[in-house]
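In: can you look at this prediction? I've put the sequence above it.
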Amino acid sequence: MKRKRRNVAVIGSGMSHFSSHREEVNQPEMIHEAVVEALDDAGMTLDEVDCVLHGNMELFEMVHQPDMWHAIASGVWGKSGLRLTTGGTTGITLACAADNLVASGLHDVVLAIGFEKLQEGHTTGGITNMADPLWGRSIQTGALTGTTAQAVIDEFGEERAKHAAMKMRIIMDEHAMLNEKAHRRLGLDRQFIKEMADNSPPLVGELRMLHMCSQSDGACAVVFASEEKAEALGAAPAWVVDHETVHREETLMFSPEKTTMRVAAERMFTRNGITDPRRDIDVFEMYDPSAWWGLDWLREFLLLEGDEHLKMVENDEIRIDGAFPLNPSGGVQASNPIGATALVRVAEAAMQVRGVAGGHQVPKPVRRALASGFGGTLWTVLMLLSREKPVLGGHCDA
Amino acid sequence: MNHDQQSCFVIEGRMALPYQYFAGAVGSRFIVALRDDKKILAVRGAKNGTTFLPPRQTCERTFESLEDNWVEVGPDGTVTGFTVIRYREPYQPQEPPYVLALIRLDGADAPIVHLVECGEVASMRVGMRVRAVFADDPVDNILAIRHFTEVK
């Protein structure tokens, strides 16, 4: 990331209710719920917004140019607008773009909107078209993969691995039970952990139905403002410290030395003087499409070795009241309106910093929060937010 | 499809992506009124007086909520433009030749697209006054209006 010209803050956010069936509203009506809530939360009217960013997954609802369809409800009329679509990372790419547009001085206030109405489309049909037609499309499996589950089992043994993955799933559900907007609030009972790990219907290998994220309908809107604007509004801001994008566009046949998660984290932490992420970051909203990935990626994002990540799950360190709360919102395993999902991570991280997360506010003080996005061909995006205003020019890579 | 593949290699693909689109809160009320009461409902903005047909939840210019401000429009209106369809293809609403017209219903600020049954297509003209004819068997879409006919 290049040096910022000026500071940028998240000053408001809004989300629709997340559900498998938002059949009472159409796409623009659902988006409008999030936009109105975000403007209210920021204490501003649409007049003060300079630019509206819009994003979702390509092909999912079979709507061409959805940003134009949704202009009646998004607030973009008469303003600068952009549509961004980078797969699963779309939501956090919107956040990065908003940060860049404000930091550069081009706009003072940018409204970022992510949405998906997965009920209306055919997710796997859309995702399959990501694969190269010659080498991969006819054998594509969509978003489901059992390889991570097998790798964790191979490394740590079946009993410990399966227990840890289902423990993570239960903790995410315990968090979702605190978040009224979450889609799946199942009330999973810890005493049946082994039964659930053994009996949940298998999808691919040991990736089972309970481990996997939901297919949700929902929208999220986040207001990004310049330092001058944020301070004029007297808002409690979450400052955008830094963001980092790492992806691999080639086929996945190469075996990389490091995952995109680890590379992104190393770059982000080095630039920002984070030497011990478990101490220096107070809460993490991770885009974890399944409990197995969430478990495995905890090690990658936190630059851990060995079985430290398993211990963090086993000893409840990742619970909302633990030393390193992970996904106090319930995360992606509870709610996954894909084009909104990665923006929800940023919104939730910002809400924790601003102290406005309500029933799922982390009890300890939150000074710094991390949000991640994940998408096809292993895109990883990280965004770091802080309560303390960053020093301009404090970080810069060559 | 491609019959000459001797000098190149081509993957012949076909996408079939099923989808749904929910009418939403405002669209559903419009369809129900049309189907059950044979009424054509629009929404009117309080700030600039614009009457929207098709109805929608929000005015993008004033950003005000419109969904509680319903007004009945039509069933008469004025043709503001039309085209004559003379070719045949699958899924047409009726046998060609037929007329698709832009019709601004009395009370609305913008036209909707619908069929006009006018006997000889040569008699169609912009400015023609037309009236909605409702379908005998109610359906859950815009074809609850079967077509429009000329008002002499």
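Out: Happy to help now that I have it. Only a predicted model underlies this, so the values are computations on that prediction, with no experimental measurement involved.
In: near chain B, which residues of chain A are found?
Out: By the rule CB under 8 Å from any CB of the partner chain, the part of chain A lying against chain B is A:22-29, A:32, A:46, A:59, A:61-63, A:71-73, A:75-78, A:117, A:119-122, A:125-126, A:129, A:133-134, A:137. For every residue, glycine as well, the C-beta is placed using N, CA and C.
In: relative to the whole chain's centre, how far out is stretch A:188-199?
Out: Here the centre of mass of C-alpha atoms in stretch A:188-199, compared against the chain's by CA atoms, centre = their mean, to the nearest Å, lies 27 Å away.
In: can you check stretch A:130-149 too?
Out: Computed by CA atoms, centre = their mean, the chain-centroid distance of stretch A:130-149 equals 22 Å.
In: now do that stretch, average pLDDT.
Out: Across stretch A:130-149, the average pLDDT comes to 78.
In: mind listing what's buried in it?
Out: Taking 16 or more other CB atoms under 10 Å in any protein chain shown as the basis for neighbour counts, the residues of stretch A:130-149 that come out buried are A:Met130, A:Ala131, A:Ala143, A:Thr145, A:Gly146, A:Thr148, A:Ala149.
In: so how far is chain B from the third one?
Out: I take that to be A:Ala143. In this view, A:Ala143 and chain B are 16 Å apart by CB to the nearest CB, to the nearest Å.
In: for the first one, same thing?
Out: Going from A:Met130 to chain B by CB to the nearest CB gives 12 Å.
In: chain B: which of the buried residues of stretch A:130-149 is nearest?
Out: For chain B, the closest of the buried residues of stretch A:130-149 turns out to be A:Ala131, at 11.3 Å, with distances computed as CB to the nearest CB.
In: which residues are in contact with that closest one?
Out: Applying CB atoms under 8 Å, 6 or more residues apart in numbering or on different chains, we find A:Ala131 in contact with A:Arg137, A:Gln140.
In: which parts of the stretch 201-350 of chain A are helices?
Out: All helices of the stretch 201-350 of chain A, identified by DSSP state H, counting those that start in this stretch, fall at A:227-232, A:260-271, A:277-280, A:291-301, A:308-314, A:331-334, A:338-354.
In: how about the first one: buried residues?
Out: Neighbour-count burial for helix A:227-232, counted by 16+ other CB under 10 Å, picks out A:Glu227, A:Lys229, A:Ala230.
In: ok, so of those residues, who is nearest chain B?
Out: Checking the buried residues of helix A:227-232 against chain B by CB to the nearest CB gives A:Lys229 as the nearest, at 19.2 Å.
In: contacting residues around the closest one?
Out: By CB under 8 Å, 6+ apart, the residues touching A:Lys229 are A:Ile11, A:Glu48, A:Asp108, A:Val109.
In: give me the neighbour count for the last one.
Out: Yep, that's A:Val109 we're talking about. Burial of A:Val109, expressed as a neighbour count using other CB atoms under 10 Å in any protein chain shown, amounts to 25.
In: now stretch A:16-29: average pLDDT?
Out: Taken as a whole, stretch A:16-29 carries a mean pLDDT of 95.
In: endpoints of that stretch, how far apart?
Out: 10 Å (CA to CA, to the nearest Å).
In: show me what that stretch is in contact with.
Out: The set of residues that contact stretch A:16-29 without belonging to it, under CB under 8 Å, 6+ apart, is A:30-31, A:33-34, A:61, A:63, A:66, A:69-70, A:72-74, A:115, A:117, A:119-120, A:181-183, A:214-220, A:335, A:337, B:21-27, B:56-58.
In: rerun at 7 Å
Out: In this structure, residues lying in contact with stretch A:16-29 by CB atoms under 7 Å, 6 or more residues apart in numbering or on different chains are A:30, A:33-34, A:61, A:66, A:69-70, A:72-73, A:115, A:117, A:119, A:181-183, A:214-219, A:335, A:337, B:22-25, B:27, B:57.
In: out of those residues, which are buried?
Out: Buried by 16+ other CB under 10 Å: A:30, A:33-34, A:61, A:66, A:69-70, A:72-73, A:115, A:117, A:119, A:181-183, A:214-219, A:335, A:337, B:22-24, B:27, B:57, out of the contacts of stretch A:16-29.
In: who in chain B is up against chain A?
Out: B:11, B:13, B:15, B:17-25, B:27, B:56-58, B:60-61, B:63 (CB under 7 Å from any CB of the partner chain).
In: domains in chain A, by residue range?
Out: Per the record, chain A has its domains at A:8-124+A:215-232, A:136-214+A:242-386, by automatic domain parsing.
In: so which of these is the most surrounded?
Out: Counting by mean count of other CB atoms under 10 Å in any protein chain shown, domain A:8-124+A:215-232 has the highest mean neighbour count of the domains of chain A, with a mean of 23.
In: how about the residue nearest to the spatial centre of chain B, what does it touch?
Out: The C-alpha lying nearest the average C-alpha coordinate of chain B belongs to B:Val113 (CA atoms, centre = their mean; 4.1 Å). Listed by CB under 7 Å, 6+ apart, the contact set of B:Val113 reads B:Leu100, B:Leu102.
In: so for the lengthiest strand in chain B, mean pLDDT?
Out: Longest strand in chain B, counting residues (DSSP state E): strand B:76-85. pLDDT averaged over strand B:76-85 equals 96, rounded to a whole number.
In: excluding chain neighbours, what is closest to residue 38?
Out: You didn't say which chain, so I picked chain A. For A:Ala38, the nearest residue in space outside its immediate sequence neighbours is A:Gly14; the separation is 3.4 Å by CB to CB, 6 or more residues apart in numbering or on different chains.
In: nope, chain B
Out: Beyond its immediate neighbours in the sequence, the residue positioned closest to B:Lys38 (CB to CB, 6+ apart) is B:Phe134, lying 4.7 Å away.
In: repeat for A:Lys311
Out: Counting by CB to CB, 6+ apart, the nearest residue to A:Lys311 once its immediate chain neighbours are dropped is A:Glu317, at 7.5 Å.
In: how much space separates the one you found from A:Gln27?
Out: Counting by CB to CB, to the nearest Å, the gap between A:Glu317 and A:Gln27 amounts to 40 Å.
In: again with A:Gln140
Out: With distances defined as CB to CB, the gap from A:Gln140 to A:Gln27 amounts to 27 Å.
In: pass me the low-pLDDT residue ranges in the stretch 201-350 of chain A, would you?
Out: Low-confidence segments of the stretch 201-350 of chain A, defined by pLDDT under 70, span residues A:249-255.
In: which residues touch the nearest residue to B:Val121 once chain neighbours are set aside?
Out: Leaving out its chain neighbours, the residue that sits closest to B:Val121 by CB to CB, 6+ apart is B:Val84, at 4.9 Å. Contacts for B:Val84 were tallied using CB under 7 Å, 6+ apart; they are B:Pro97, B:Val99, B:Val121.
In: cool, A:Thr89 as well?
Out: By CB under 7 Å, 6+ apart, the contact list for A:Thr89 reads A:Ala342, A:Gly373, A:Phe374, A:Gly375, A:Trp379, A:Val381.
In: 6 Å instead?
Out: Applying CB atoms under 6 Å, 6 or more residues apart in numbering or on different chains, one finds that A:Thr89 lies in contact with A:Ala342, A:Gly373, A:Gly375, A:Trp379, A:Val381.
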